[in-house]
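1. predicted model and sequence below, questions to follow.
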Amino acid sequence: MTNGQSENQAENTTHNKTLLGNIRRWFLAGILLSAPVFLTTYITWIAIDLIDTQVVNLLPKELVVFITSWVPGFGIVPGYGIIIGFVFLTFIGALTTGFLGRWIVHLGERVMNSMPVVRTIYGSSKQILETVLATQSDAFRDAVILEYPRKGTYVIGFVTGVAKGEIKEKIEADLVNVFVPTTPNPTSGFLLLCPKDELTYLDMAVEDAIKLVVSAGIVTPDNKAKKTQKKIANSGKK
């Protein structure tokens, strides 16, 4: 084999490696770009289909037949369950603003609170929903860093309020309620009562901090954009 042939073979080998490397890089880039879109679309579709199915199962058959006769495509076009659920919840909300509605709600709460196990579940879920949905609530308004579970290691938490009542009376310190979520499921976690001066408040938005927790640190918010997002969020709450 001559030197020229050896050089040509080496060039071909290098070219093939470069081409394979490019194909691999393009393939991975395609996955990174397409996977979130497909996954979001799939989960959204499954959620809509699940809601539609549950709504149809809850409605009386006579009502389904009546609606189908007036609304072409009912039961076929996706999203009708969400629309019916929205209308139903809006109607319930409007009904409870009147005297009769408030009386019915009060009666229902008395029944719930009279059941040993049910009253615990009902009371806890109601308190959580009221806290999260309240417009003036401090729930998940700030992301913080604190030392836990030992000195030198840190976790991300979310401020949910300040300690009040009996805790405030017996612990003479400015304690802050901090929810520390778990990874990758941020809906579970634990509550810590921390002195305010031991918390480091972050500039990043709460949504970015949740992404950081869910992704196990893989998704890190942009350092330049986080302050702008925090300012926009705070301005909207005033």
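-> Done, it's in.
2. what's the next secondary structure element after whichever helix or strand residue 102 is part of?
-> Using DSSP states H and E, residue 102 sits within helix 99-113. In the C-terminal direction, the helix or strand that comes right after helix 99-113 (DSSP H and E) is helix 116-133.
3. list the buried residues of that next one.
-> residue 122 (16 or more other CB atoms under 10 Å). The way it works is simple: take the backbone N, C-alpha and C, and place the C-beta from them, glycine included.
4. off-centre distance for it?
-> 19 Å (CA atoms, centre = their mean, to the nearest Å).
5. ok, now stretch 58-71?
-> 34 Å.
6. extract the CA atoms of it and return them as PDB.
-> What follows is stretch 58-71, C-alpha atoms only, in PDB (Å, rounded to 0.1, in the frame of the first residue of the first chain):
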ATOM      1  CA  LEU A  58     -71.200  11.100  35.700                       C
ATOM      2  CA  LEU A  59     -73.900  12.600  33.500                       C
ATOM      3  CA  PRO A  60     -77.300  10.800  33.300                       C
ATOM      4  CA  LYS A  61     -77.800   9.000  30.000                       C
ATOM      5  CA  GLU A  62     -81.000  11.000  29.300                       C
ATOM      6  CA  LEU A  63     -79.000  14.200  29.600                       C
ATOM      7  CA  VAL A  64     -76.200  13.000  27.400                       C
ATOM      8  CA  VAL A  65     -78.800  12.100  24.700                       C
ATOM      9  CA  PHE A  66     -80.400  15.500  25.100                       C
ATOM     10  CA  ILE A  67     -77.100  17.400  24.800                       C
ATOM     11  CA  THR A  68     -76.100  15.200  21.800                       C
ATOM     12  CA  SER A  69     -79.300  16.100  20.000                       C
ATOM     13  CA  TRP A  70     -78.600  19.900  20.400                       C
ATOM     14  CA  VAL A  71     -74.800  19.900  20.200                       C
END
